[in-house]
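Peer 1: next input, structure requested:
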Amino acid sequence: MGQCLHKLLKYCAQRHVFVGSDDHRSQIMDRFLIKSGTEAAKRKTADTPETEEESTPSCSGSIQEAQSGARKKKRLFKFNQKWKDGRPWLIYEDTAMYCSYCRQYKKDTRNKFVTGCESLRIDNIRSHEISLDHKFSHTAHLNSLKHAMEQPIQKSVIKMERQELGYMKKLFTTAFFIAKHEKPFTDFVKLNELQKKNFEADRFAIGQHYNSDKQAKTFIHFIAEAERKAQIKTINNSEFISVAMDGSTDSSNLEEESYFVSYVDQNFEPRMDFVKIYSVKGRATAAELTVSFFKVFEELDINVNNKCIQLATDGPTVMKNMCGLVKNQIPWMLMFHCANHRIELAFKDAVKKLSLETEAHTLLDGLYTFYHYSSLQQRCLNESANVLGVNVLVHPKAKGMRWVAHRERALKALDRNYVATVAQLEACNKDNTQRAETRAKALGFREKLTDEHLILFMICILKSLVATFACLSCILQGEDASIDTLVNTVQKTKTKLAEFDCKNEIIQFKNEHIDNGLFRDVQLKKKLVQGLEGAAKTLFSGKVRNLLKTLEQP
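Peer 2: Numbering: from 1, shown residues only. Next comes the predicted model:
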């Protein structure tokens, strides 16, 4: 009480107040107590935790009212999930924090993180993290993991997993070999059995579950998926791409479209990858092919609308219409007709109306059928060649997907096998043991092979022309061909065709290979097939010389 009076007097002196009447003293006392109570409440609030409610002594009714206005509201804290980062032991359950290590190895009820710490503050977590109890529990946890790895059962499990991983790597390598070299899936089992014999059993142990052709298909499927993802990632890293597509029918006679993508990889090397083969739904119309085109690249996750700058096709009418529909959606895309198809189509258009070319095609196709489907005739041809000392070539098919290349091989085989073929056909015609139909065919082929105009057209003119275009076609198909090489090759071919003189070539061929109507000791007959001079005039009146102009068109 003395201290209160002393403070009261000091308060009055600071404000120059004189203690007078009782009413005046009562007012002063009330004002002093209100101020004293408020300051005390503030000091107690600063010393008390925020999660606890504050309590202040009540001196009088007026003091309580002043304190209630000065009190702060209760502050609630929430658990922050980021506190768990780097603290695998921290657990938050039922509005309280726990330490999993201490709950397992240091079961002390005095530890709040064992019974549950409800004060959700980062300072409490940090304090517990550096405490001796937590360090002890953390060390015990690490030792338990170490001992578990050293136990026999755990060691055997780990060793088994490593061995199985090694076996699986070998199985995947074998499956990749099957796919790379286009072997049947049934060879997967045989190759695994071979490796078992070549290596020790414990070094190449294979479970029966994995050693089957069905599992080979599964392995190859996952290998293909991994390679496909890597391929698509490389293509998407390229700024621009070019697409080439071609159609064909499978064994069930359904239309299949093959898609290829050309691009420049990260090493600035040009690449061309096969990306998809897609079955066309319904008829292969231009509209259906356009829908398939965009659907294929949508499935591949390639943004063809922004990346594709060129589309190459083989040039039939349906593909040209399809290119027009695609160009409506990608206006800047360039449409390109395959150069090799253009060469072959242009050459076929130039010679299709020539009677000599028709006779030549019929002869080449007939010789292929005559020897290909009869092992007896092929054996007789080989025996005839051995007698004459000639190394013969098998008469190949004169027509195929690569028309120029097939025609070149057929003409080359005819030139090499000419003498042996004529001798064998003559012997077959005189052999009474042969069927009448076979003898008639042999006689017809021999008559055509001894026609002077037909032989001059096929071996002297057609063979040279086809060889020129076949050489150009092979260079255009080369993967390492540059733009400079292609341009120079086209120019050289045009120059060679312009300098080719049909009349001089025939005269020179006659002087070198035909003597008194004998060509390689075979007597030729004249003018069985008319039109050599007309054929030469037609070929070199401008048609063949202008074939390469198609390559200069976009």
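Peer 1: read off the pLDDT value for Asp301.
Peer 2: Each residue has a pLDDT score; the one for Asp301 is 89.
Peer 1: oh, that last question was meant for Lys74, not what I typed.
Peer 2: Here, the pLDDT recorded for Lys74 equals 52.
Peer 1: swap in Ser473?
Peer 2: Listed pLDDT for Ser473 reads 82.
Peer 1: got the contact list for it?
Peer 2: Asn340, Ile343, Glu344, Arg402, Val404, Ala405 (Cβ atoms under 8 Å, 6 or more residues apart in numbering). Yep, even glycine has a C-beta here, placed from its N, CA and C like the rest.
Peer 1: isn't the last one up against Ala470?
Peer 2: Yes - assessed by Cβ atoms under 8 Å, Ala405 is found in contact with Ala470 at 5.5 Å.
Peer 1: what about the two, which has more around it?
Peer 2: Ala470 (22 against 19; other Cβ atoms under 10 Å).
Peer 1: element containing the more buried one?
Peer 2: helix 463-477 (DSSP states H and E).
Peer 1: quick check: mean pLDDT across the helix or strand just after that helix?
Peer 2: Following helix 463-477 in sequence order, the next helix or strand is helix 483-499 (DSSP H and E). Across helix 483-499, pLDDT averages out at 81.
Peer 1: could you check the angle helix 463-477 makes with helix 483-499?
Peer 2: For helix 483-499 against helix 463-477, the angle by axes from the mean of the first three to the mean of the last three Cα atoms, to 10 degrees is 170 degrees.
Peer 1: against which helices or strands is helix 483-499 packed?
Peer 2: Judged by 3 or more Cβ pairs under 8 Å, 6 or more residues apart in numbering; DSSP states H and E, helix 483-499 is in contact with helix 463-477.
Peer 1: strands along the stretch 301-450 of the chain, start to end?
Peer 2: 308-313, 334-337 (DSSP state E, counting those that start in this stretch).
Peer 1: report how many residues lie close to the closest residue to Asp94 other than its chain neighbours.
Peer 2: In this structure, Asp94 finds its nearest non-sequential neighbour in Gly116, 7.4 Å apart by Cβ to Cβ, 6 or more residues apart in numbering. Counted with other Cβ under 10 Å, residues neighbouring Gly116 total 14.
Peer 1: hmm, back to that, for the helix holding Ala470, list the C-alpha coordinates in CSV.
Peer 2: Taking C-alpha atoms only, helix 463-477 is exported to CSV below (Å, rounded to 0.1, in the frame of the first residue of the first chain):
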residue,chain,number,x,y,z
LYS,A,463,19.5,-51.1,-122.8
SER,A,464,21.6,-47.9,-123.1
LEU,A,465,18.6,-45.7,-122.3
VAL,A,466,17.4,-47.8,-119.4
ALA,A,467,20.9,-47.9,-118.0
THR,A,468,21.2,-44.2,-118.1
PHE,A,469,17.9,-43.6,-116.2
ALA,A,470,18.6,-46.5,-113.8
CYS,A,471,21.9,-44.8,-112.8
LEU,A,472,20.1,-41.5,-112.2
SER,A,473,17.4,-43.3,-110.2
CYS,A,474,19.9,-45.0,-107.9
ILE,A,475,21.7,-41.7,-107.2
LEU,A,476,18.4,-40.0,-106.4
GLN,A,477,17.6,-42.8,-103.9
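Peer 1: can you list the buried residues in that helix?
Peer 2: Applying a neighbour-count criterion of 16 or more other Cβ atoms under 10 Å, one finds Lys463, Leu465, Val466, Thr468, Phe469, Ala470, Cys471, Leu472, Ser473, Cys474, Ile475, Leu476 buried in helix 463-477.
Peer 1: same question, stretch 415-426
Peer 2: Buried positions in stretch 415-426, judged by neighbour count with 16+ other Cβ under 10 Å: Asn417, Tyr418, Val419, Ala420, Thr421, Val422, Ala423, Gln424, Leu425, Glu426.
Peer 1: okay, those in CSV with distance to Thr450 next?
Peer 2: What follows is the buried residues of stretch 415-426, written out as CSV (distance: Cβ to Cβ, whole Å):
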residue, distance to Thr450
Asn417, 15
Tyr418, 10
Val419, 12
Ala420, 14
Thr421, 11
Val422, 7
Ala423, 12
Gln424, 14
Leu425, 10
Glu426, 10
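Peer 1: between those, which sits nearest His453?
Peer 2: Ranked by distance to His453 (Cβ to Cβ), the buried residues of stretch 415-426 are led by Tyr418 at 15.6 Å.
Peer 1: ok, now which ones touch the closest one?
Peer 2: Tyr418 sits in contact with Leu449, Ile459, Phe519, Arg520, Val522, where contact means Cβ under 8 Å, 6+ apart.
Peer 1: Throw those into CSV and include neighbour count and pLDDT, thanks.
Peer 2: As requested, those are exported to CSV (neighbours: other Cβ atoms under 10 Å; pLDDT from 0 to 100):
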residue, neighbour count, pLDDT
Leu449, 21, 91
Ile459, 19, 89
Phe519, 21, 89
Arg520, 13, 87
Val522, 17, 88
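Peer 1: what about those, which are in helices?
Peer 2: Among the contacts of Tyr418, the members found in helices (DSSP state H) are Leu449.
Peer 1: the residue lying closest to Lys183 once chain neighbours are set aside: neighbouring residues, count only.
Peer 2: Leaving out its chain neighbours, the residue that sits closest to Lys183 by Cβ to Cβ, 6+ apart is Phe177, at 7.4 Å. Using other Cβ under 10 Å, Phe177 has 13 neighbouring residues.
Peer 1: next: Leu289.
Peer 2: Neighbours of Leu289 under the rule other Cβ under 10 Å: 24.
Peer 1: mind picking the two most distant members of the contacts of Tyr418?
Peer 2: Maximum distance among these (Cβ to Cβ): 12.1 Å, for Ile459 and Val522.
Peer 1: OK, contacts around Val114?
Peer 2: Residues near Val114 by Cβ under 8 Å, 6+ apart: Tyr98, Cys99, Cys102, Arg103, Lys106, Lys107, Asp108.
Peer 1: where does pLDDT dip in the stretch 451-554 of the chain?
Peer 2: Scanning the stretch 451-554 of the chain for pLDDT under 70 picks out 527-554.
Peer 1: about what we covered before: mind checking which of the contacts of Ser473 land in helices?
Peer 2: Counted as lying in helices by DSSP H, out of these, are Asn340, Ile343, Glu344, Val404, Ala405.
Peer 1: still on that earlier bit, can you list phi and psi of the residue nearest to Lys183 for me?
Peer 2: The phi/psi pair for Phe177 (degrees, to the nearest 10) reads phi -60, psi -40.
Peer 1: so where's this structure uncertain?
Peer 2: Ranges of the chain meeting pLDDT under 70: 1-76, 146-163, 200-208, 250-253, 400-402, 527-554.
Peer 1: give me the buried entries from the contacts of Val114.
Peer 2: Taking 16+ other Cβ under 10 Å as the criterion, what is buried in those is Tyr98, Cys99, Cys102, Arg103, Lys106.
Peer 1: go through those and name the one nearest Glu288.
Peer 2: Tyr98 (64.8 Å).
Peer 1: how close does that closest one get to His128?
Peer 2: Look at Tyr98 and His128: by Cβ to Cβ, to the nearest Å, they are 10 Å apart.
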